[in-house]
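*Asks:* Provided below for reference: sequence and predicted model.
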Amino acid sequence: MDFRTRFHPDPIAQKIKRGERILFAGSCFAENISSRLQVYTFNCLYDPLGIVYNPVSLAKHLEMFLQNKEISPDELFFFHGTYRHWQVHSRLSAPDKHKTLSDMRNAIAEGHIFLQHTDVLILTFGTAIAYMHKENNVLVGNNHKVAGNAFDRVFLSVETCISAWQECIQRLQELRPNMRILCTVSPVRHLKEGTIDNTRSKAVLHLLCKALTEQYDHVSYFPAYELLMDDLRDYRFYAEDMVHPNSTAIDYIFSAFAEACIDSAFHPVMQKLDAIHAAMQHKAFHPDSEEHKAFKQRMLNTVQKLAEEYPDMALDSALHYFMD
């Protein structure tokens, strides 16, 4: 008897090719998938403004890139020794106000420039629960661990999320008519919001994705959430916090993502890159043996052939490793 409910995601209509530009935005799960694709030398950028979880603030990030918005000094606030912005991740905060402004403006400029040539936008929605700053009446993308009594907790409606993304997609289509969008719901559990509200929140995000894929031909959906919740469906696939998927789960979901979303012609190259990286991690018991020398030569031949086929592929470290 098989004690798992296995399923294979349907392939998207137009799969991603290596030469395309891919912009990732959303939750930390999007960041995980982005970093995996970068290992395979895809041209990826993860949202330079950082992780953001709710769909409305995520749309706001894209609007800031579209406008090449210049953040003004009065938009910053000082907290715990650093200057911050309510829409920007704290990793861009700094004790010096001018540096913070410069870093944030550079991040927006990077997103703006990349977006001009983006072929695929991959979005991961994390939660429909957001926080409105009482004093400023601003829906924040990041609360920066400011005391909870500074905010009103807001449960975003399906209609609000859809409206925000309809406006954003219209602007994106004006800029890049051929851009494809792939949306996912993060499998990360937002249990700090409560188990029941987390479930209701994820339902809003699923309905958002359903609405967008039905309204726009160029919007697709990848079931990352379902792969963890309905296929793997076991706490052994979670990290110690029992909230985030562990590396085994991320590997499994990425494998399904590659099968459904990445051009199959590049799969053999990805397998070769996997073998190269694994070989570089291998610690030989007898590095001077003839067997190990022959192994290094075989791997060097593989790397050299890849370098010839893909001259733009960064393989210098592998070449040096197997030449030594």
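*Replies:* Good, I have the coordinates.
*Asks:* where exactly do the strands run in this protein?
*Replies:* Taking DSSP state E to define them, one finds strands in the chain at 21-26, 43-46, 77-79, 82-84, 120-125, 129-133, 138-140, 151-155, 180-185, 219-221.
*Asks:* mind checking which of the ones you listed is nearest Ser201?
*Replies:* Across the strands of the chain, Ser201 has its closest neighbour in strand 129-133 (5.2 Å, Cβ to Cβ). For glycine as for every other residue, the C-beta is placed from the backbone atoms N, C-alpha and C.
*Asks:* just checking, what packs against that closest one?
*Replies:* With contacts defined as 3 or more Cβ pairs under 8 Å, 6 or more residues apart in numbering; DSSP states H and E, the secondary structure elements packing on strand 129-133 are strand 138-140, strand 151-155.
*Asks:* out of these, deepest packed?
*Replies:* Ranked by mean neighbour count, the helices and strands packed on strand 129-133 are led by strand 138-140 with a mean of 20 (mean count of other Cβ atoms under 10 Å).
*Asks:* in its sheet, which strands sit next to it, and in what direction?
*Replies:* Each strand paired with strand 138-140, and its direction, by DSSP bridges: strand 129-133 (antiparallel).
*Asks:* how about the strand it pairs with: buried residues?
*Replies:* Neighbour-count burial for strand 129-133, with 16 or more other Cβ atoms under 10 Å as criterion, is recorded at Ile129, Ala130, Tyr131, His133.
*Asks:* pretty sure the first one contacts Asp152?
*Replies:* I take that to be Ile129. No. Counting by Cβ atoms under 8 Å, Ile129 stays clear of Asp152, with 11.5 Å between them.
*Asks:* what about the helices in the stretch 201-324 of the chain?
*Replies:* For the stretch 201-324 of the chain, helices defined by DSSP state H, counting those that start in this stretch occupy the ranges 224-226, 247-261, 267-281, 290-309, 316-323.
*Asks:* okay, now Tyr235: neighbour count?
*Replies:* Tyr235 has 8 neighbouring residues, counting by other Cβ atoms under 10 Å.
*Asks:* surely it is in contact with His244?
*Replies:* No. Contact status for Tyr235 versus His244: not in contact, 12.0 Å apart, counting by Cβ under 8 Å.
*Asks:* what residues are up against Phe29?
*Replies:* Thr124, Gly126, Thr184, Ser186, Pro187, Val188, Ala224, Pro245 (Cβ atoms under 8 Å, 6 or more residues apart in numbering).
*Asks:* and of the helices of the stretch 201-324 of the chain, who's closest to Leu23?
*Replies:* Closest to Leu23 of those is helix 247-261 (Cβ to Cβ; 14.6 Å).
*Asks:* and the closest one, average pLDDT?
*Replies:* Rounded to a whole number, the mean pLDDT of helix 247-261 is 95.
*Asks:* could you do stretch 80-98 as well?
*Replies:* 96.
*Asks:* now do the buried residues in it.
*Replies:* Per 16+ other Cβ under 10 Å, stretch 80-98 contains these buried residues: Thr82, Tyr83, Arg84, His85, Trp86, Gln87, Val88, His89, Ser90, Leu92, Ser93, Ala94.
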